[in-house]
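1. Need the 3D shape of this:
(2 chains)
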Amino acid sequence: MNFDFSDELKQLRDEARRFLAERNALAAARRVLESDGGHDAALWREIGEMGWIGAAIPEAFGGAGLGPLGLCVLAEELGAALAPVPFSSSAYLASEAILLAGSAAQKERYLPKLASGAIIGTLALAEGPGALTPARLGAAVAGDRLTGTKQPVPDGAAADIAVVAARGTDRRLALFLVDLAAAGVARERIATIDPSRGHARLIFSGAAAEPLGPAGGGERLLERLFDRAAVLFAFEQLGGARAALDMAKAYALERYAFGRPIGSFQAIKHKLADVYVAGELARSNAYYGAWALSQEAPELPLAAATARVAASDAFYLAAKENIQTHGGMGYTWAFDCHLYYRRAKLLALALGSTRIWKDRLVARLETQHDGALDGATGIAP
Amino acid sequence: MDFNDTPEEAAFRARVKEFLAANAARRAPGSAEGYRSSQSAPGALERAKDWQARKHSAGFAGITWPQEWGGRGGSPIEQVIYNQEEAAYAVPRGFFEIGLGMCIPTVCGWGTAEQRQRFAPPALAGSEIWCQLFSEPAGGSDLAGLRTRAERSGDDWIINGQKIWTSGAHYSDYGILVARSDPGMPKHKGLTFFFLSMKTPGVDIRPIRQISGHSHFNEVFFTDVRIPDSQRLGAVGAGWQVALTTLMNERLAVGDAPGPDFREIFDLARRIELDDGPAIRNAAVRDQLAQWYVKTQGLKYTRFRTMTRLSRGETPGPEASIGKLVGASKLQEIAAFGMDLMEMGGIISDPSVMPAEALFQQALLYSPALRIAGGSDEILRNIIAERVLGLPADLRVDKDVPFNRLPTGRR
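-> So this is what the prediction gives:
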């Protein structure tokens, strides 16, 4: 049994933790929050120079070739530090989409620049409130021209390219690559609950769009992309949950009320014990997701949905109970509690709500072989 | 990252598989029979003793115990591997866990070489069964509040008082006992630890009937029970330290909650019809199923993380402490929800007409015990908060007060 990251990856994780602490990424997130949104360009540049963004991109395309496990350990640390950089958009979504479905020419053209951080990529999917279904998709491509409005697009104001979900000429959902600097693209920042990560409204009016992946394969491709991203987002959420619990714990030790540290009251102890337990279960599920991702295992769809649900719930629980543990101070702008709270909800919706993922999870179980149900006593992974 | 055994582990697993295949019957997948090998079934004790004897002669009893106690001298990971493999077989369980998991390690740890020689081998072979006489009406979660008296009389001690929740006392040959030898000391300091034969005159065992109708545990009354000082473990007044070594083993020994798990509730949801079609098509049902699957898998892979540490020869991390806390509540929730899906008929407990042979109905009635026994939910949360998160212990108003000056009720 070796259900853990390798020493090499743990070393990378420790380096990432040290670096983000030295750069005080949390303070950077607050600066972005208090400015007009967007990201910390200096931090992004350094992260690119260290090879993090291209961790999972093969060396042939300018990446570090560490595979998805490399991204997992980095994601946890970026999540813990609330690093205000377009990492998830560029690495888990745009780069992964191109790796999964891009032609040789598309990979050559985009991956090296994405890996170094020279360009930022994103995924443009949502079209305002409400669940997105292929039937309800408004964005459409006719010929090679895209029209439609996408919002919120993560890092949409800063991104150079976007992978856009739209109906193709055959009316079916497809993914397209769009150069956001080209004609026919208008964009504006959009207010969200978490201004420490910039989001935008993208309005396409006849923008040039090239297909990503084979015609008719858009839905399947998006599903595969989301399964992979769900594991990576889960690690980011784990990091956030860990940091929010650490913050609550530290406060419970230092804050005195009724003549004793509030952390000695069972009301607080039991609350934080529950946060810890949710975090550990989420960690174990995320590790299994990482294993499935790294092996391209047939178990990935189920493992990803499981990791996603556990991590979304664990981070949100940790973030809201961190505020509660801090009492009134937790509700002030000056304390950092709200940064975790905002990020927790942002990440919980970023790939679709837990409601959708739970339904997906059960659907996948229904089509699984019985071995998937061996559960707690199972020997096989 | 992989789930593979090391070559040594694989070789050990192969020997275990060979032994089990030759000596036991496999549990049919998804069947309830494993949960059903109830201790109250006729002949269960004899079958359990026979199975333990076979395990012992094959060298799979006391896997982690030192060889000088009659054990295998193996590693914790080997014990886990054995448990994993044995879980797939319909073998009797539940009679020896307390003795082998808690009592004998305490006797061996604190007793003399002669006592180790005398008691460890028959316990391992299943011919002698042990119970743990700790909890009292006034000392459950607050174990050190116990009141059973031990008074010195020459070379003997005279025991008077009452224990409760003593699992298996009615079929046990020996018990370990902690009693108060000095009520004038603060509560943790006036305790002394013994072991005794359950046949000793003055020991009166009365079964407690549980919600489930079974009687798994007992009240044990002591009336002028005489125990020789040679059966004292640890120094006079050091009973708390000895008891702690027993309790450290408790959470390892208590093990998994048996009963309907995710597979059973998922199968039920697929089969049973609600007013608007199969239960599994209902959004509220799907939401619940997903939550339990996430917990079940979370526990499973948490165990794999623990196994990884054991496999490397490390001590399990704090993640090992969450299994019972999560598992017991999950079982109670699944039992109640499964019954809800059966609608008005859900209250029927006649196995001949019920899905899963009325397992859900049984679990509803026995699952409350699992949230209390072996460290209640509340105590486990305290342990996580204090030992894992490093939060301060609760204020102890009784810590430095002589035991006989402590308030005992609303008087």
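
2. use CA for all of it now, contacts and neighbours both
-> Fine.

3. so where does B:A120 fall, helix or strand?
-> Using DSSP states H and E, the secondary-structure element containing B:A120 is helix B:113-125.

4. List the neighbours of that helix that are in contact with it.
-> Around helix B:113-125, the neighbours that count as contacts under Cα atoms under 8 Å, 6 or more residues apart in numbering or on different chains are B:49, B:52-57, B:61-62, B:69-70, B:96, B:99-100, B:104, B:107-108, B:128-130.

5. let's go with 10 Å and repeat that
-> B:49-57, B:59-62, B:65, B:68-71, B:96, B:99-100, B:103-105, B:107-110, B:112, B:127-130, B:173-174, B:230-231 (Cα atoms under 10 Å, 6 or more residues apart in numbering or on different chains).

6. any chance you could map the strands in the chain?
-> No chain in the question, so chain A it is. Listed from the start of the chain, chain A has strands (DSSP state E) covering A:121-124, A:140-142, A:145-154, A:161-167, A:173-179, A:185-189, A:199-212, A:256-257, A:260-261.

7. my question was about chain B
-> With DSSP E as the criterion, chain B has strands spanning B:130-133, B:149-153, B:156-167, B:174-180, B:191-197, B:203-207, B:217-228, B:232-233, B:273-274, B:277-278.

8. Report the angle between the helix holding B:A120 and strand B:174-180.
-> Between the axes of helix B:113-125 and strand B:174-180, defined by axes from the mean of the first three to the mean of the last three Cα atoms, to 10 degrees, the angle is 130 degrees.

9. Now do the buried residues in helix B:113-125.
-> With burial defined by 16 or more other Cα atoms under 10 Å in any protein chain shown, the residues of helix B:113-125 counted as buried are B:116, B:119-121, B:123-125.

10. Turn those into JSON lines, including distance to B:I280 and pLDDT.
-> Compiled in JSON lines, the buried residues of helix B:113-125 are given as follows (distance: Cα to Cα, whole Å; pLDDT from 0 to 100):
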{"residue": "B:R116", "distance to B:I280": "56", "pLDDT": "94"}
{"residue": "B:F119", "distance to B:I280": "53", "pLDDT": "96"}
{"residue": "B:A120", "distance to B:I280": "51", "pLDDT": "95"}
{"residue": "B:P121", "distance to B:I280": "52", "pLDDT": "94"}
{"residue": "B:A123", "distance to B:I280": "48", "pLDDT": "96"}
{"residue": "B:L124", "distance to B:I280": "46", "pLDDT": "95"}
{"residue": "B:A125", "distance to B:I280": "47", "pLDDT": "95"}
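
11. In helices only, show me the contacts of helix B:113-125.
-> Where these overlap with helices, as defined by DSSP state H, the overlap consists of B:49-57, B:104-105, B:107-110.

12. max-length helix in the chain?
-> In the absence of a named chain, this looks at chain A. In chain A, ranked by residue count with DSSP H as the criterion, the top helix is helix A:218-254.

13. I was after chain B.
-> helix B:283-311.

14. Can you point out the buried residues in it?
-> By neighbour count, and taking 16+ other Cα under 10 Å as the criterion, the buried residues in helix B:283-311 are B:285-311.

15. which residue ranges form the helices in the stretch 251-381 of chain A?
-> A:266-295, A:300-326, A:337-350, A:354-367 (DSSP state H, counting those that start in this stretch).

16. name the helices or strands packed onto the first one?
-> Just to be clear, that refers to helix A:266-295. Judged by 3 or more Cα pairs under 10 Å, 6 or more residues apart in numbering or on different chains; DSSP states H and E, helix A:266-295 is in contact with helix A:68-81, helix A:218-254, helix A:300-326, helix B:283-311, helix B:323-341, helix B:377-383.

17. Which among the ones you listed is found nearest to B:D261?
-> The minimum distance between B:D261 and those falls on helix B:323-341, with 6.6 Å, by Cα to Cα.

18. okay, the angle between that closest one and helix A:266-295?
-> Helix B:323-341 and helix A:266-295 meet at an angle of 90 degrees, taking the same axes, to 10 degrees as the criterion.

19. Quick one, which of the strands of chain A gets closest to chain B.
-> strand A:260-261 (7.7 Å; Cα to the nearest Cα).

20. Turn the helices of the stretch 251-381 of chain A into CSV, including mean neighbour count and mean pLDDT.
-> Output for the helices of the stretch 251-381 of chain A, formatted as CSV (neighbours: other Cα atoms under 10 Å in any protein chain shown; pLDDT from 0 to 100):
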stretch, mean neighbour count, mean pLDDT
helix A:266-295, 25, 97
helix A:300-326, 27, 98
helix A:337-350, 21, 98
helix A:354-367, 19, 96
